[in-house]
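K.L.:
From the sequence below, what's the structure:
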Amino acid sequence: MIEYDDGMDKKIAVIGYGAQGRAQARMMHESGLDVVVGVRENGASWDAVSKDGLPRATIAEAAKQADIIHILIPDEVQKEVYETEIKQHLTPGKTLSFSHGFAIVFEQIVPPKDVGVIMVSPKAPGPEAYQVYKDGFGVPALVAVHQDIGDSRQVAMAMAKAMNFTKAGIIECSFAQETHENLFSEQTVLCGGVTELIKTAFEVLVEKGYPPELAYFECFHQMKLIADVLQKEGLEGFWNVVSNTAEYGGLTRGKRVITPQTKEAMREILAEVEDGTFAAEMLENLDSLPEMRKKERDHPLEIVGKKIRAMFQR
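P.N.:
Numbers count the residues shown, from 1 in each chain. Model prediction:
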C-alpha cells in the first residue's frame, strides 16, 4: 500500500489493461501497493488480469473500492466510462489519476473540486517500462497535479516511486503542457511527420524508376538505426557516427526539406492543439480511421515492406 507519515493507506484501481495499464498495474502490484484492476467483465482483458495474478473487478466495483482511480483507457472512451462507471464512486477525498491529460485539458472529464487530480506518465511504452522495472531501474516520467487536496503531489510521487520512475528522473509539469506537447509531437514528428516524410521520399525514388525494394531500405528500414543512434548519442554524437558525405548532405539539404513553410504549418498545428480544434475534430471523426488505415495498408511502401520484413524473419 502507499503509506504516509500520518498512517493513511491508499488502494489503487487501475482502469484498463492495455499496454500501459498492464505494465503500470504489475509494477505497482509487484512493489507491494494495493492494486485492483478494473476491466469489463468477460472482456478481452478479464482473463489476462487473472493470469498475471492481479486482483480484478468490474470498472465500477474497482472505482468503488479504491482511493486512487488511475484511468488508462483510450482517450475517446474515457468520458463515457467516467460518466457511467466511475463518477458515482468518486467521493470526496479520493484521487483521479491519469497518464495523459487529454480528458482533463479538453474537459471531457470535469471532476468535482473535492477530489485530487494527478498525472503519472512514463516516457516509454508500457512493455519497455515494465522490462526496465524488472531489470531494477526505471524509465523517466512526468508528474503533474491539476487539483490538489493536500496530499496530491505526495500520492503522485509515491506511485512514481513504486514504478521505479524516480530512479531515472521525474519532470514536473502541468496537464496542459503534457497534453499539448504530446499531441503536437505525435502530429508533426513521431507519427504524422515521420511517416509522411518516409512515404514521400519513397514515392520520389520509385517515380524516378528506382527499385522499390532499394527505396524501402534507404527511406524506411534504416530509420530504426538512425533513431537508436539519435536517442543514445544526441545530435553531436549522431553526426560523429555517420559518414562525412552523409553529414554534409544532411546539414546542407535538410532545411530544403523542412522549410520555413513547414515550421509555419507546425505553428498552425500547435495552435489547433492548444485551442481544442484538434480534440473536437478527432472525437467527431474517429469513424474515418478504418478508411485511413486501409489507405496506409495499400500504399506501395507497405506492400513492398511486408516482403522485405519477411526476409528478416527466422
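
K.L.:
what about the strands in the protein?
P.N.:
For the chain, the strands defined by DSSP state E occupy 2-3, 9-15, 34-38, 56-57, 68-71, 95-98, 116-122, 141-147, 170-172.

K.L.:
quick one: contacts of the second one?
P.N.:
Spelled out, that is strand 9-15. Identification of contacts with strand 9-15 by CB atoms under 8 Å, 6 or more residues apart in numbering yields 1-3, 21, 24-25, 28, 33-39, 57, 59, 62-63, 65-73, 81, 86, 95, 97, 155, 158-159. (Each C-beta comes from the backbone N, C-alpha and C, glycine too.)

K.L.:
Can you pull the poorly scored residue ranges out of the chain?
P.N.:
Residues of the chain meeting the criterion pLDDT under 70: 1-8.

K.L.:
which helix in it runs the most residues?
P.N.:
Longest helix of the chain, by residue count under DSSP state H: helix 223-241.

K.L.:
Contacts for that helix next, please.
P.N.:
194, 198, 247, 250-251.

K.L.:
Quick check on the contacts of strand 9-15: which are buried?
P.N.:
With burial judged by 16 or more other CB atoms under 10 Å, the buried subset of those is 2, 21, 24-25, 28, 33-39, 57, 59, 62-63, 65-73, 81, 86, 95, 97, 155, 158-159.

K.L.:
so where do the helices sit in the stretch 101-250 of the chain?
P.N.:
Here the stretch 101-250 of the chain has its helices, by DSSP state H, counting those that start in this stretch, at 102-105, 126-134, 152-162, 165-168, 175-185, 192-207, 212-216, 223-241, 244-257.

K.L.:
so how far is the first one from its chain's centroid?
P.N.:
This means helix 102-105. Its chain's C-alpha centre and that of helix 102-105 lie 14 Å apart, by CA atoms, centre = their mean, to the nearest Å.

K.L.:
Repeat that for the fifth one.
P.N.:
Taking CA atoms, centre = their mean, one finds helix 175-185 lying 11 Å from the centre of the chain it belongs to.

K.L.:
Tell me which residues of it come out buried.
P.N.:
Under the neighbour-count criterion of 16+ other CB under 10 Å, helix 175-185 has 175, 178-180, 182-184 buried.

K.L.:
What of the second one?
P.N.:
Within helix 126-134, the residues that qualify as buried by neighbour count (16+ other CB under 10 Å) are 126, 129-130, 132-133.

K.L.:
For the residue lying closest to Ala60 once chain neighbours are set aside, which residues are in contact?
P.N.:
The shortest distance from Ala60 to any non-neighbouring residue, by CB to CB, 6 or more residues apart in numbering, is to Glu85 (4.5 Å). By CB under 8 Å, 6+ apart, the residues touching Glu85 are 38, 58-60, 63.

K.L.:
before we move on, the earlier item: quick one: the strands of the chain as JSON lines, columns for distance to Phe238 too.
P.N.:
As requested, the strands of the chain are arranged in JSON lines below (distance: least, CB to CB, whole Å):
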{"stretch": "strand 2-3", "distance to Phe238": "41"}
{"stretch": "strand 9-15", "distance to Phe238": "38"}
{"stretch": "strand 34-38", "distance to Phe238": "40"}
{"stretch": "strand 56-57", "distance to Phe238": "45"}
{"stretch": "strand 68-71", "distance to Phe238": "37"}
{"stretch": "strand 95-98", "distance to Phe238": "34"}
{"stretch": "strand 116-122", "distance to Phe238": "25"}
{"stretch": "strand 141-147", "distance to Phe238": "25"}
{"stretch": "strand 170-172", "distance to Phe238": "23"}
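
K.L.:
Ok, which of those comes nearest Glu203?
P.N.:
strand 116-122 (35.8 Å; CB to CB).

K.L.:
strands paired with that closest one, and their directions?
P.N.:
Strand 116-122 pairs in its sheet with strand 95-98 (parallel), strand 141-147 (antiparallel), by DSSP bridges.

K.L.:
Now the longest one - C-alpha only, CSV.
P.N.:
Taking only C-alpha atoms (Å, rounded to 0.1, in the frame of the first residue of the first chain), the coordinates of strand 141-147 have been written out as CSV:
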residue,chain,number,x,y,z
ALA,A,141,8.3,10.1,-16.1
LEU,A,142,6.2,13.2,-15.9
VAL,A,143,4.3,14.1,-12.8
ALA,A,144,1.5,16.7,-12.7
VAL,A,145,-1.0,17.9,-10.1
HIS,A,146,-4.1,19.5,-11.7
GLN,A,147,-6.2,19.6,-8.5
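
K.L.:
relative orientation of it and helix 175-185 in degrees?
P.N.:
Between strand 141-147 and helix 175-185, the angle comes out at 130 degrees (axes from the mean of the first three to the mean of the last three CA atoms, to 10 degrees).

K.L.:
Point out the most buried one among the strands paired with strand 116-122.
P.N.:
strand 95-98 (a mean of 26; mean count of other CB atoms under 10 Å).

K.L.:
The strands of the chain: which one's closest to Ala280?
P.N.:
strand 95-98 (19.6 Å).

K.L.:
roughly how far is the closest one from the heart of the chain?
P.N.:
16 Å.
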